[in-house]
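J.: Build me a model from this:
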Amino acid sequence: MSVKEQRLMQVLLAPTISEKSTFVGEKHNQVVFRVSPDATKPEIKSAVELLFKVKVKAVQVLNVKGKEKRFGRFMGRRRNWKKAYVSLMPGQEINFQATE
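T.: Below is the predicted model of the structure:
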């Protein structure tokens, strides 16, 4: 495994499963991922194509600010993170359920 492939394996952290992401997925044929904060659009595209064997049309990225939370009498802050909306080519699909 080359250094580039090792980097691509670390770009995608987890799929984001929420009401909004499922709605977007059905309507626009997109999948939402939590990605590493230093990931770029071309890296995300390559990682999805490598791991899931699908064709990617486009990638949209956004930074999510961490929420401020109280811990007793102290104010704390959750960590900032990065989210990627990956548009798939027509006819392509990613199935996250294990097939065994």
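J.: which residues in this structure form helices?
T.: 3-11, 19-28, 41-52 (DSSP state H).
J.: And the ones you listed: which comes nearest Arg79?
T.: Nearest to Arg79, of all these, is helix 3-11, at 17.0 Å by C-beta to C-beta. To be clear about C-beta, it is placed using only N, CA and C from the backbone, and glycine gets the same treatment.
J.: which parts of that closest one are buried?
T.: By neighbour count with 16 or more other C-beta atoms under 10 Å, helix 3-11 contains the buried residues Leu8, Val11.
J.: Could I get the CA-only coordinates of that helix as PDB?
T.: These are the backbone C-alpha positions of helix 3-11, laid out as PDB (Å, rounded to 0.1, in the frame of the first residue of the first chain):
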ATOM      1  CA  VAL A   3       1.700   6.400   1.100                       C
ATOM      2  CA  LYS A   4      -1.000   8.100  -0.900                       C
ATOM      3  CA  GLU A   5      -3.400   5.200  -0.300                       C
ATOM      4  CA  GLN A   6      -2.700   5.300   3.400                       C
ATOM      5  CA  ARG A   7      -3.500   9.000   3.500                       C
ATOM      6  CA  LEU A   8      -6.800   8.400   1.600                       C
ATOM      7  CA  MET A   9      -7.800   5.700   4.100                       C
ATOM      8  CA  GLN A  10      -7.500   8.300   6.900                       C
ATOM      9  CA  VAL A  11      -9.500  11.100   5.100                       C
END
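J.: just checking, what packs against that helix?
T.: For helix 3-11, the elements it packs on are helix 41-52, judged by 3 or more C-beta pairs under 8 Å, 6 or more residues apart in numbering; DSSP states H and E.
J.: Having no further points to raise, I will conclude here.
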